[in-house]
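> Give me the fold of what follows.
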Amino acid sequence: MAKNKTTETEVNPADFINSYVDNDQKKTDSFQLIELITQWSGFKPKMWGPTIIGFGSYHYKYASGHEGDMPLLGFSPRKAEFSLYVYSPTDESKVLLDILGKFKMGKACIYVKKLSDINLEILEKLCKESIAYIEEHHECGCRE
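A predicted model of the protein is given here:
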């Protein structure tokens with residue numbers, strides 16, 4: 001079975017942002033996201049793989065037998081836009097997306113150009129809804 005490439009690393013998230021992000025606004029938004037998600041989740045940021053900043057972790061196991069650990073919440077300051085890993089498939093989350101602001105939706109992540117494009121109070125609610133969903137549906141939803 002293939003090994004999960006997205007694993008926790010020892011890289012400092014601030015060092016990653018300072019070396020990887022070359023746009024000043026994206027750098028400012030990245031540090032703001034770290035501050036906000038730390039506050040909302042209660043977890044300190046850690047690097048997952050080469051480009052994802054994650055908060056907390058949980059264990060998943062699929063019916064196929066594939067299993068692993070992933071961050072409870074996370075984001076990546078990609079070149080074109082932020083990838084926000086803060087969404088869970090709940091009715092409440094779907095309602096919140098309608099009032100989040102300007103974004104694109106991937107399969108399980110939200111793509112945002114800059115934080116000023118979205119409502120941060122709604123983002124907080126999405127994050128907390130996702131934490132509650134993961135705690136209910138996955139093993140060890142709140143472990144560090």
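> Please work out the average pLDDT along stretch 105-118.
For stretch 105-118, the per-residue pLDDT values average out at 95.
> ok, and for it, which residues are buried?
By 16 or more other Cβ atoms under 10 Å, the buried positions in stretch 105-118 come out as Cys109, Ile110, Val112, Lys113, Leu115, Ile118. In this view, the C-beta of every residue, glycine as well, is placed from N, C-alpha and C.
> Ok, stretch 5-19 next?
Counting neighbours by 16+ other Cβ under 10 Å, the buried set in stretch 5-19 is Thr6, Val11, Pro13, Phe16, Ile17.
> Tell me the spacing between the third one and Leu73.
Counting by Cβ to Cβ, to the nearest Å, the gap between Pro13 and Leu73 amounts to 13 Å.
> Touching the host helix or strand of Ile134 from outside, list them.
For Ile134, the host element (DSSP states H and E) is helix 120-137. Among residues not part of helix 120-137, those counted as contacts by Cβ atoms under 8 Å, 6 or more residues apart in numbering are 36-37, 40-41, 56, 58, 72-73, 84, 86-90, 92-93, 96-97, 99-101, 110, 141-142.
> Kindly report the same for stretch 106-114.
With Cβ under 8 Å, 6+ apart, stretch 106-114 has contacts from 25-26, 29, 80-87, 97, 100-105, 118, 126.
> Pull out the buried members of those residues.
The neighbour count (16+ other Cβ under 10 Å) marks 26, 29, 81-87, 100, 103, 118, 126 as buried among those.
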